[in-house]
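# predicted model, plus sequence, below.
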Amino acid sequence: MCACAFLAGCGREDSTVPAAPSAPPKKDVSRAHDVKYQEQIKEQVKDIQRTQQGRAKIEQRMAQLRALAKKALPEGATDAQVTAELDNNPKKYPAWRELVTALKNNDLEEKRKREAAQAAVRQRIQREVTERANSAPPASK
């Protein structure tokens, strides 16, 4: 019976054990758990992929025109000669210059989108670091 009372504590409060100070609740600031951030990243990836698909279509059409120009040149023509043929005969290959311009615009657009995605990630990392620093307990001296 004494053992049961001892284990149960006999209803006494032990005043010799100091109460642990309550630590502020930790705030989860991880990007991995930020649903809005994850959706933003997925949308940016899809947007870049759409731009790359557009580039693939342009390159496919350019390859067709290159093959056509290569047939018009003597056998053994170099790539530089094929490109010169395409550049110098806009009436024969009217779409070539438009495709070159479209490819350059596509490349600039993809670069802009990648930089925007990188900036968004960089800002989120900086915000996460700031939030963690602000929620960290003060250092004891």
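That came through, no problem. These numbers come from a predicted model, not from an experiment. Numbering: from 1, shown residues only.

# helices and strands around the longest helix anywhere in the chain, which ones?
Using DSSP state H to define each element, the chain has its longest helix at helix 95-135. Using 3 or more CB pairs under 8 Å, 6 or more residues apart in numbering; DSSP states H and E as the contact test, the elements touching helix 95-135 are helix 35-72, helix 79-88. In short, each C-beta sits where N, CA and C put it, glycine included.

# A120 is nearest to which of those helices?
helix 35-72 (6.4 Å; CB to CB).

# now stretch 79-99: buried residues?
Neighbour counts over stretch 79-99 (16 or more other CB atoms under 10 Å) mark 82, 85-86, 93, 96, 99 as buried.

# and stretch 113-125, by the same measure?
By neighbour count on 16+ other CB under 10 Å, the buried set for stretch 113-125 is 113, 117, 124.

# mind putting those residues into CSV with pLDDT?
Listed next are these as CSV, based on pLDDT from 0 to 100:
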residue, pLDDT
K113, 93
A117, 91
R124, 88
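
# with respect to Y37, which of those residues is nearest?
Using CB to CB, these come closest to Y37 at R124, 5.7 Å.

# give me the contacts around stretch 42-51.
Outside of stretch 42-51, the residues within contact range by CB atoms under 8 Å, 6 or more residues apart in numbering are 106, 109-110, 113-114, 116-117, 120.

# low-confidence ranges in the protein?
Low-confidence segments of the chain (pLDDT under 70): 1-30, 136-141.

# one more time with 80, if that's ok
Along the chain, segments meeting pLDDT under 80 span 1-34, 135-141.

# what about stretch 86-98, distance to the chain center?
Chain-centre distance of stretch 86-98: 37 Å, with CA atoms, centre = their mean, to the nearest Å.

# that stretch: end-to-end distance?
When the termini of stretch 86-98 are compared using CA to CA, to the nearest Å, they are 12 Å apart.
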